[in-house]
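J.: I would like the atomic coordinates for the input below:
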Amino acid sequence: MDETELLKKYNSLYLEIIMKYKEYIEEQEGLYVAELPRLVTPADESVKGLASIISSKFPDYSYEENFGDAAQLSYEYIRDSITNVTLPVQFWLRPAQTINYAAGDLFDKAVLLCSMLVALGNPSSKIIIVIDESRRSFVVYFEFKEKVTAINIEKGAGTFQGREELLKSLGVSDNGEASAYEFNDRMFVDIA
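T.: Next comes the predicted model:
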């Protein structure tokens, strides 16, 4: 049996074990939405190391001069270097794990991006999660030079005049049709 066939058999067995204990894993792994800030870890050594690699792309990194470009490079790194993997079980990866495995789902990627942006010097960086009957979307946004930039891992970046314009573009309103949460490492707000 060649190595590829052996790996397929191991993967099948691992999947069987995971599915057998799916409920237990999800119960143990569960976080309340208000606990989501614990996942954003800009002070983690892996995150700081990756932020350092990004900032080293500039001769003398200056937040005021280079953050916008560093944010774009961070997004490109995550888009191009972190494989999109959706597990059959609800499992939260921390940014260090996403970096280590170079894999994660869209939420894991958003948490890593937010962590990196804070590590690069922007404490206004936050994740917005919008959940309704037909979708679950994640957007990382930050304020910089009097603009709001929002990054959707799948669709790219857009610029807005303010947070309210961003929320409107995401379909977040007070009518209760969607749930929306906003958080980073220091705060959590239920916004709709």
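J.: So residue 86 sits against residue 105, correct?
T.: Yes. The pair residue 86 / residue 105 is scored as a contact, 4.9 Å apart, by C-beta atoms under 8 Å. For glycine as for every other residue, the C-beta is placed from the backbone atoms N, C-alpha and C.
J.: List the buried residues for stretch 116-136?
T.: Neighbour counts over stretch 116-136 (16 or more other C-beta atoms under 10 Å) mark 116-122, 125-130 as buried.
J.: now for the residues you listed, which pair is the farthest apart?
T.: 121 and 130 (26.7 Å; C-beta to C-beta).
J.: what helix or strand is residue 165 on?
T.: helix 163-169 (DSSP states H and E).
J.: ugh, wrong one, I meant residue 12
T.: helix 3-20.
J.: Might you report the residue contacts of the residue nearest the centre of the chain?
T.: Geometric centre of the chain, nearest residue: residue 110, 1.3 Å, by C-alpha atoms, centre = their mean. Counting by C-beta atoms under 8 Å, 6 or more residues apart in numbering, residue 110 makes contact with 127, 138-140, 153.
J.: Tell me the one among the residues you listed nearest to residue 63.
T.: residue 140 (17.5 Å).
J.: Let's have the contacts of residue 110 in a markdown table, adding distance to residue 44 and pLDDT.
T.: Listed next are the contacts of residue 110 as a markdown table, based on distance: C-beta to C-beta, whole Å; pLDDT from 0 to 100:
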| residue | distance to residue 44 | pLDDT |
| --- | --- | --- |
| 127 | 16 | 97 |
| 138 | 19 | 92 |
| 139 | 22 | 97 |
| 140 | 17 | 98 |
| 153 | 19 | 92 |
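J.: neighbour-wise, which of the residues you listed leads?
T.: residue 140 (28 neighbours; other C-beta atoms under 10 Å).
J.: Kindly export the helix holding residue 12 (C-alpha atoms) in PDB.
T.: Extracted as PDB, the C-alpha positions of helix 3-20 are listed here (Å, rounded to 0.1, in the frame of the first residue of the first chain):
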ATOM      1  CA  GLU A   3       1.600   6.400   1.300                       C
ATOM      2  CA  THR A   4      -1.400   8.100  -0.300                       C
ATOM      3  CA  GLU A   5      -3.600   5.100   0.200                       C
ATOM      4  CA  LEU A   6      -2.500   4.700   3.800                       C
ATOM      5  CA  LEU A   7      -3.200   8.400   4.400                       C
ATOM      6  CA  LYS A   8      -6.700   8.000   2.900                       C
ATOM      7  CA  LYS A   9      -7.400   5.100   5.300                       C
ATOM      8  CA  TYR A  10      -6.200   7.100   8.300                       C
ATOM      9  CA  ASN A  11      -8.300  10.100   7.300                       C
ATOM     10  CA  SER A  12     -11.400   7.800   6.900                       C
ATOM     11  CA  LEU A  13     -10.800   6.400  10.400                       C
ATOM     12  CA  TYR A  14     -10.200   9.900  11.900                       C
ATOM     13  CA  LEU A  15     -13.400  11.100  10.300                       C
ATOM     14  CA  GLU A  16     -15.400   8.100  11.700                       C
ATOM     15  CA  ILE A  17     -14.000   8.900  15.200                       C
ATOM     16  CA  ILE A  18     -14.800  12.600  15.000                       C
ATOM     17  CA  MET A  19     -18.300  11.900  13.800                       C
ATOM     18  CA  LYS A  20     -18.900   9.400  16.600                       C
END
